[in-house]
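Colleague: sharing a sequence plus its predicted fold:
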Amino acid sequence: MAEYIEFARAHPLLVFGFIGVLGFIIKSEFDRLNRKYKQLGVNEAVRLLNDDKVLSLDVREDKELEGGVINGSIHVPVSEINSRLTEFSKYKDNPVLVYCRSGSRSAHACNILSKNGFEDVSNLVGGVIAWESANLPLSKK
């Protein structure tokens, strides 16, 4: 035990760095375990989209839509999700698939939807990038 204390005194930056990284890992795992939405890969998302009752939300910005959207999606930029919740509140009990370019902004949108009473919310892991990598079609509007 004395060696650990001696090391900590001799290398405080390493110790603080280790504690910081450890804290980040613990927080990330805690957030992952407590999220209220599902993470779906492309194959699971296709199965979900085959259901007529699903709401598909594209939360990318307007300029990102040039390459196309997943067929049947509603476009609502992530910055407008809170202000436009009433537009799709009738889907609260239906499955909701949310996607963006890479999956990080859509995770934020999934959090917002889950906190506002949407029961079955899913995030497309990898977003449109993963969708295109799987050679799945995007429709041009």
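Modeller: Structure received.
Colleague: and the spatially most central residue of the chain, its phi and psi?
Modeller: The centroid of the chain falls nearest to residue 107 when counting by C-alpha atoms, centre = their mean (1.9 Å). Main-chain torsions, residue 107, degrees, to the nearest 10: phi -60, psi -40.
Colleague: ditto for residue 56
Modeller: Torsion angles at residue 56 (phi, psi; degrees, to the nearest 10) stand at phi -110, psi 120.
Colleague: grab the nearest non-local neighbour of it.
Modeller: Spatial nearest neighbour of residue 56, excluding adjacent residues (C-beta to C-beta, 6 or more residues apart in numbering): residue 73 at 4.2 Å. In this view, the C-beta of every residue, glycine as well, is placed from N, C-alpha and C.
Colleague: quick check: the residue nearest to the centre of the chain touching residue 123?
Modeller: Yes - counting by C-beta atoms under 8 Å, residue 107 does reach residue 123; the two are 5.1 Å apart.
Colleague: anything in contact with each of the two?
Modeller: Common contact partners of residue 107 and residue 123 (C-beta atoms under 8 Å, 6 or more residues apart in numbering): residue 37.
Colleague: count of residues packed around the residue nearest to residue 56?
Modeller: A count of nearby residues for residue 73, using other C-beta atoms under 10 Å, gives 22.
Colleague: relative to residue 23, how far out is it?
Modeller: Going from residue 73 to residue 23 by C-beta to C-beta, to the nearest Å gives 38 Å.
Colleague: same deal with residue 117?
Modeller: Taken as C-beta to C-beta, the span from residue 117 to residue 23 is 32 Å.
Colleague: residue 5 too?
Modeller: Taken as C-beta to C-beta, the span from residue 5 to residue 23 is 21 Å.
Colleague: swap in residue 75?
Modeller: From residue 75 across to residue 23, the span is 37 Å (C-beta to C-beta).
Colleague: what number of residues lie near the residue nearest to residue 103 when sequence neighbours are not counted?
Modeller: Distance criterion C-beta to C-beta, 6+ apart; nearest residue to residue 103, sequence neighbours excluded, is residue 127 at 4.4 Å. Residues lying near residue 127 (other C-beta under 10 Å) number 24.
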